[in-house]
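J.: Have a look at this prediction, sequence included:
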Amino acid sequence: MDEPRRDRIRDRRVQYETAGLDIGDVDPDPMVQWHRWHDDAFEAAVAEPNAMTLSTVDASGRPDARVVLVRGTDATGFKFFTNFESTKGAQLASNPAIAATFAWLDLHRQVRVLGTALELPDRESDTYFASRPRGSQIGAWASPQSHTLSGRDELDRRVARFAADFDGRPIRRPEFWGGYRIEPTQWEFWQGRPNRLHDRLRYRQADGAWVVERLAP
């Protein structure tokens, strides 16, 4: 790598001149606090404010990460949808431990979540699938997610085949496609501060309640 390019990486600095974050500033319920920050990100026009980096664990214990979109929340956690036969689906079938990271860099904020992924009931997956655009519904049937393709033309042929199969008919949800709920066991809210002395507040469970504590940056 040439030296100027290396310097652009090494010397890149952004000074985070944002207001601080103290324990008294956050809601006792981490999901309520997440919604506050998500709303801030939405109002600030952050791109894809419901995007999270989702990390699973493979059979040899190696972490595996990708970005997915949260498609719903409730008091117990976050909902997302995927092909159960994909890489992430196979990994979650053998090990439901999961981590998620929300990065709202325009606001110098991130939220880290540790927890467990549980499959949603069929009725919830059916309801969400029915709300998707028809093209996305066909795509769910056509794509053997994470599996090898001979080329883009193979995928195009599969899309054409399923579009013809369902022509003029409602598209039902494939049995191999559905949702998960991430049930958090630990949260961390991170606010950037000057000189890399960031604010980090962790929520952990103790005796059935959330305890909030400050971590060193």
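T.: Received the coordinates, thanks.
J.: How about the contacts made by the nearest residue in space to residue 210 that is not next to it in sequence?
T.: Using CB to CB, 6 or more residues apart in numbering and skipping the chain neighbours, the partner closest in space to residue 210 is residue 203 (4.8 Å). For every residue, glycine as well, the C-beta is placed using N, CA and C. The contact partners of residue 203, by CB atoms under 8 Å, 6 or more residues apart in numbering, come to 30, 186-189, 210-212.
J.: Return the subset of those residues lying in strands.
T.: 186-189, 210-212 (DSSP state E).
J.: Now restrict those residues to buried residues only.
T.: Taking 16 or more other CB atoms under 10 Å as the criterion, what is buried in those is 187-189, 210, 212.
J.: related to what we said a few turns ago, let's have the contacts of residue 203 in JSON lines, adding pLDDT and distance to residue 93.
T.: Shown next, in JSON lines, are those (pLDDT from 0 to 100; distance: CB to CB, whole Å):
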{"residue": "30", "pLDDT": "98", "distance to residue 93": "27"}
{"residue": "186", "pLDDT": "98", "distance to residue 93": "23"}
{"residue": "187", "pLDDT": "98", "distance to residue 93": "25"}
{"residue": "188", "pLDDT": "98", "distance to residue 93": "27"}
{"residue": "189", "pLDDT": "98", "distance to residue 93": "31"}
{"residue": "210", "pLDDT": "97", "distance to residue 93": "29"}
{"residue": "211", "pLDDT": "97", "distance to residue 93": "32"}
{"residue": "212", "pLDDT": "98", "distance to residue 93": "33"}
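J.: quick one: which of these is nearest residue 124?
T.: residue 30 (22.2 Å; CB to CB).
J.: OK, contacts around the closest one?
T.: Residue 30 is in contact with 184, 187, 189, 203, 210, counting by CB under 8 Å, 6+ apart.
J.: repeat that for 6 Å
T.: Residue 30 makes contacts with 187, 203, as judged by CB atoms under 6 Å, 6 or more residues apart in numbering.
J.: Which residue ranges of the chain form strands?
T.: Using DSSP E, strands in the chain cover 51-57, 63-69, 72-74, 77-83, 97-104, 109-119, 177-191, 199-206, 209-215.
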